[in-house]
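Student: Return atomic coordinates for the entry below.
(2 chains)
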Protein chains: 2
Amino acid sequence: MSDRYTSFANTPAGRAVVKRLGLPEPLRLRRYQPGDPDVAGTVLVGGAGRLADPVRKLLRSLGAAIEGDGPYTGLIFDATGITDSAGLRALYDFFHPVARSLRPCGRVVVLGTAPQDCANPREATAQRALEGFVRSVGKEFGRGTTAQLVYVAPGAEDAIESTLRFLLSPKSAYVSGQVVRVGPAHVDQPKDWTKPLDGKIALVTGAARGIGEAIARLLARDGAHVVCLDVPAAGQPLSAVANDIRGSALQLDLTAADAPQRLVDHFSERHGRVDIVVHNAGITRDKTLARMSEDKWDVLMDVNLSSQERVNDALLAADLLPAGGRIVSVSSMSGIAGNRGQTNYAASKAGVIGLVQSYAPVLADKGVTINAVAPGFIETRMTAAMPIMVREAGRRMNSMSQGGQPVDVAETIAWLASPASAGITGNVVRVCGQSLLGA
Amino acid sequence: MSDRYTSFANTPAGRAVVKRLGLPEPLRLRRYQPGDPDVAGTVLVGGAGRLADPVRKLLRSLGAAIEGDGPYTGLIFDATGITDSAGLRALYDFFHPVARSLRPCGRVVVLGTAPQDCANPREATAQRALEGFVRSVGKEFGRGTTAQLVYVAPGAEDAIESTLRFLLSPKSAYVSGQVVRVGPAHVDQPKDWTKPLDGKIALVTGAARGIGEAIARLLARDGAHVVCLDVPAAGQPLSAVANDIRGSALQLDLTAADAPQRLVDHFSERHGRVDIVVHNAGITRDKTLARMSEDKWDVLMDVNLSSQERVNDALLAADLLPAGGRIVSVSSMSGIAGNRGQTNYAASKAGVIGLVQSYAPVLADKGVTINAVAPGFIETRMTAAMPIMVREAGRRMNSMSQGGQPVDVAETIAWLASPASAGITGNVVRVCGQSLLGA
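Tutor: Okay, the predicted model is just below:
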């Protein structure tokens, strides 16, 4: 699945060539295989705040060691006890001696209090500083290490298990440099953490191939019945995916006037509800604005943004999203950073972020969460068709020196879709290997 | 002032070579010279919301034409009338026909309503989408064009003049792809827009050279009496700057225990107040975390962050910052994106962002604003000492294909320090030529 350069660079001869020439050294990232534990080996826990003890207890219950000599699979630092900038020294004290003691594909997680939840400006300043530290660690540690900052709201101490499991596991192989916010929530623990979506009904749009197919497969792996949706023209691959994962196929053009009603009819008649909605369907119509025809603007905006709004509103009006419901929308790095030739696409994907952030408080009243993932360079048919220099630049300009896989986006969505992720809403999580590109 | 490559690329022979080889084509950016008008030529205004008419009136009063054929010096679009994603089509309708009709170093400004001020999720989604559009335009239009999104709060229609003047003028040559938020405020119009700081007392830290020197010179140009502060070791260049701008020199080590009190004494005895505080002093102590000594962490954090906090608190406690006061802190792109070898620096500069955002609501009660600027690659002694490949990469990886000048940071600070910028607080504005690097 990895690109040719990464494969080459991981052979004995390739390693020598790459080192000698000072080329990027992409490590073959470890990814989750069914049967793997989420956490293994020794995860060192440091810091003194309201989270260190609950985290130690949680890690022990997962079978991880929490003390002892390195090399470590993970380093977790509870920074919630830091109340001013001088106190940031505790970061140095914990990480400096162990900075070289992480295994390849190691995990760094810093836990903090979001600035707006802090008692005073001094504390808020110090907690905001964590972000610069964590993003630097992600760029510096290398060898497949990921680094994240998780802001845990006061009262949300019991709502972090799904997030810690995800961020410590190989499921988050291509997620790094991210800031995740977890709020207080009543969390239903899954009976079986390998099947957290057991009994759930999921809808995945654009499921016939690429990232959508990977999402459908993963939600099915985690126990959901997946309704795979795509346009009629993709009917054949769509059926193949749906059959393979024992889901159902639904051919539908989301821009059709009757699409929302047909979706409502489908779910009310067959299932009486839909627990998980993944808005993955999207198109590109690249042109500079001066050369862009009207229809390239209109059709793209309708597929990528307006149809998501219509579907959400129809499902909500029909009361088909029960408490515990999950909506996950696929945004894009372009929506965050903008891109030449993509005024239409970037506007639609920035709009997806607006959708998620503006609906989050509205849906919270119903016990439904809504989040977005923003993929960076992911290896698909689309990226395979790029000119080689553009493709290579995109692939290497991130902390992993390689592109991500569709499964990396899918794993991130599965985490957000879990019943145990009730405390996460209005978040935008990039799946970009900590791409250098940004806003 | 521009680098050798940019100078070469702007000769007739250089232009031919650069085009032939497909090299970056950095335009010599137009910068403000005393006597220049803020706005000249024709600025086309489009869109239908609550701002188009006030903006047209303002532009006319500044002597700009607001209709007619191109080429245009600026394009302003009032997007506050857009209430859903389908309505975003109005962006296309306005910009598509004129996308090639901007003069070099043209200006694009889109005016919107911040998502949190919108009436409903549909409107918030569309307004958030503007950000992806504007950032793409900044990357696409080229030839020194800048593009910004200004979110104007309802009721802040009269508070935007200083911002429009800055963003349309050559003063904002190296500011692009930014989102600025203007809130409602009582604005004191300067009697003379070329001397908006007339009668103000300003403090600039780290003023002996580089960016700090440029800030001191510009605040003096705009009419302020500038107290130039630097460490005793920089006493000679500090005096030279202070004499040259008829300010005063203050030798002080900001990390000394008595520094805040000495500052308080200085300003209460000499001036009875300080209207403008620019926290520019900062140091780097680059090392990977594994190789970093304790003192590299401690001294950097104290200079870059903790001393700012102590000085602010001392000035506030002594009631030396009057209503209309301004604090501007210098953050960094590293504080936003993180950087290898800069865990200490990035943490301190992310902390500066936290400081600005957490103090803004506290200071608002006193009529004081606090904002940050985050420089990208700025041509200084520090960047001149970089290895050539690192320097060239940093210089070219932005929408201007060149590094910025210290004066670009200084102009941005002068805008934020203006009495007419009363509606801007808690903002972080990058001065980075829309660097590709980000979070």
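Student: what distance separates the worst-scoring helix or strand of chain A on mean pLDDT from the middle of the whole chain?
Tutor: Among the secondary structure pieces of chain A, namely its helices and strands, helix A:12-21 has the lowest mean (mean pLDDT, DSSP states H and E), a mean of 75. Per CA atoms, centre = their mean, to the nearest Å, the displacement of helix A:12-21 from the mean C-alpha position of its chain is 32 Å.
Student: Can you give me the separation between residue A:298 and chain B?
Tutor: As for residue A:298, its distance to chain B is 7 Å (criterion: CB to the nearest CB, to the nearest Å). Yep, even glycine has a C-beta here, placed from its N, CA and C like the rest.
Student: ok now do that residue, which residues does it touch?
Tutor: residue B:89 (CB atoms under 8 Å, 6 or more residues apart in numbering or on different chains).
Student: Would you mark the buried spots in whatever helix or strand it lives in?
Tutor: Following DSSP states H and E, the helix or strand that holds residue A:298 is helix A:294-301. By neighbour count, and taking 16 or more other CB atoms under 10 Å in any protein chain shown as the criterion, the buried residues in helix A:294-301 are A:296, A:297, A:298, A:300, A:301.
Student: In CSV, list those residues along with pLDDT.
Tutor: Output for the buried residues of helix A:294-301, formatted as CSV (pLDDT from 0 to 100):
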residue, pLDDT
A:296, 96
A:297, 98
A:298, 98
A:300, 98
A:301, 98
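Student: Mind exporting the C-alpha coordinates of the helix or strand hosting residue A:394 to CSV?
Tutor: Assessed by DSSP H and E, residue A:394 sits inside helix A:388-396. As requested, the backbone C-alpha atoms of helix A:388-396 are provided in CSV (Å, rounded to 0.1, in the frame of the first residue of the first chain):
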residue,chain,number,x,y,z
ILE,A,388,5.1,13.4,-10.3
MET,A,389,6.7,16.6,-8.9
VAL,A,390,3.4,17.8,-7.4
ARG,A,391,2.7,14.4,-6.0
GLU,A,392,6.2,14.0,-4.5
ALA,A,393,6.0,17.5,-2.9
GLY,A,394,2.6,16.6,-1.4
ARG,A,395,3.8,13.3,-0.2
ARG,A,396,7.0,14.4,1.6
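Student: starting at the chain centroid, how far to the very next helix or strand once past that helix?
Tutor: Later in the chain than helix A:388-396, the nearest helix or strand by DSSP H and E is helix A:406-417. With CA atoms, centre = their mean as the basis, helix A:406-417 stands 6 Å off its chain's centre.
Student: what does stretch A:313-326 give?
Tutor: For stretch A:313-326 - counting by CA atoms, centre = their mean - the centre lies 22 Å from the chain centre.
Student: Run through the strands of the stretch 301-439 of chain A in chain order.
Tutor: With DSSP state E, counting those that start in this stretch as the definition, the stretch 301-439 of chain A shows strands at residue ranges A:326-330, A:369-375, A:428-431.
Student: Poorly predicted segments of chain A, please.
Tutor: When the per-residue scores of chain A are filtered using pLDDT under 70, the ranges that remain are A:1-2.
Student: how does it divide up, domain by domain?
Tutor: Following automatic domain parsing, one finds the domains of chain A at A:1-30, A:31-182, A:201-431.
Student: The longest one spans what distance, first to last residue?
Tutor: In other words, domain A:201-431. End-to-end distance of domain A:201-431: 25 Å, with CA to CA, to the nearest Å as the criterion.
Student: and the stretch 251-400 of chain A, which residues reach chain B?
Tutor: By the criterion of CB under 8 Å from any CB of the partner chain, the positions of the stretch 251-400 of chain A lying close to chain B are A:288-290, A:292, A:294, A:297-298, A:301-302, A:305-306, A:309, A:334-351, A:353-355, A:357-359, A:362.
Student: Can you flag the buried ones in these?
Tutor: Those of those that meet the buried threshold are A:288-289, A:292, A:297-298, A:301-302, A:305-306, A:309, A:334-351, A:353-355, A:357-359, by 16+ other CB under 10 Å.
Student: and the closest residue to residue A:364 other than its chain neighbours, how many residues sit next to it?
Tutor: For residue A:364, ignoring the flanking residues on the chain, the nearest one in space by CB to CB, 6 or more residues apart in numbering or on different chains is residue A:425 at 6.2 Å. Using other CB atoms under 10 Å in any protein chain shown, the number of residues around residue A:425 comes to 24.
Student: I'd assumed residue A:363 was in contact with residue A:425.
Tutor: Yes - with contact defined as CB atoms under 8 Å, residue A:425 and residue A:363 form a contacting pair (7.1 Å).
Student: what is in contact with the two at once?
Tutor: Taking CB under 8 Å, 6+ apart as the criterion, residue A:425 and residue A:363 both touch A:369, A:370.
Student: What is the least confident helix or strand of chain A packed up against?
Tutor: The elements that helix A:12-21 packs onto, with contact taken as 3 or more CB pairs under 8 Å, 6 or more residues apart in numbering or on different chains; DSSP states H and E, are helix A:4-9.
Student: Count the neighbours of the spatially closest residue to residue A:347 that is not a sequence neighbour for me.
Tutor: The spatially closest residue to residue A:347, leaving aside those adjacent along the chain, is residue B:133, at 4.1 Å (CB to CB, 6+ apart). Residue B:133 has 30 neighbouring residues, counting by other CB under 10 Å.
Student: Check residue A:428 too.
Tutor: Counted with other CB under 10 Å, residues neighbouring residue A:428 total 19.
Student: Okay, and the beta partners of it?
Tutor: Bridge pairing for residue A:428 (DSSP bridges) gives the partners residue A:372.
Student: From residue B:130, how far out is it?
Tutor: To residue B:130, residue A:428 is 16 Å away according to CB to CB, to the nearest Å.
Student: could you show me where the helices are in the stretch 101-250 of chain A, in order?
Tutor: In the stretch 101-250 of chain A, the segments counted as helices under DSSP state H, counting those that start in this stretch are A:121-141, A:161-168, A:210-221, A:235-244.
Student: right, and residue A:180 touches residue A:426 too?
Tutor: No - under the criterion of CB under 8 Å, residue A:180 is not in contact with residue A:426, lying 11.2 Å apart.
Student: who has more neighbours, the two?
Tutor: residue A:180 (22 against 19).
Student: distance of the more buried one from residue A:134?
Tutor: Following CB to CB, the distance that separates residue A:180 from residue A:134 is 11 Å.
Student: quick one: common contacting residues for the two?
Tutor: Counting by CB under 8 Å, 6+ apart, the contacts common to residue A:180 and residue A:134 are A:148, A:149.
Student: now the domains of chain A as TSV including distance to residue B:273?
Tutor: Shown next, in TSV, are the domains of chain A (distance: least, CB to CB, whole Å):
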stretch	distance to residue B:273
domain A:1-30	54
domain A:31-182	22
domain A:201-431	40
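Student: Contacts only, for residue A:56.
Tutor: Contacts here follow CB under 8 Å, 6+ apart; on that basis residue A:56 touches A:45, A:66.
Student: quick one: the host helix or strand of it to chain centroid distance?
Tutor: Residue A:56 is part of helix A:52-61 when elements are defined by DSSP H and E. Here the centre of mass of C-alpha atoms in helix A:52-61, compared against the chain's by CA atoms, centre = their mean, lies 24 Å away.
Student: ok and it relative to helix A:161-168, angle-wise?
Tutor: Inter-element angle recorded for helix A:52-61 and helix A:161-168: 70 degrees (by axes from the mean of the first three to the mean of the last three CA atoms, to 10 degrees).
Student: Please identify the buried residues of helix A:52-61?
Tutor: A:52, A:54, A:55, A:56, A:58, A:59.
Student: ditto for stretch A:392-408
Tutor: Within stretch A:392-408, the residues that qualify as buried are A:394-408, counting by 16+ other CB under 10 Å.
Student: was I right about residue A:287 contacting residue A:296?
Tutor: Yes - proximity of residue A:287 to residue A:296 meets the contact threshold set by CB under 8 Å, at 5.9 Å.
Student: Perfect, I'm done here.
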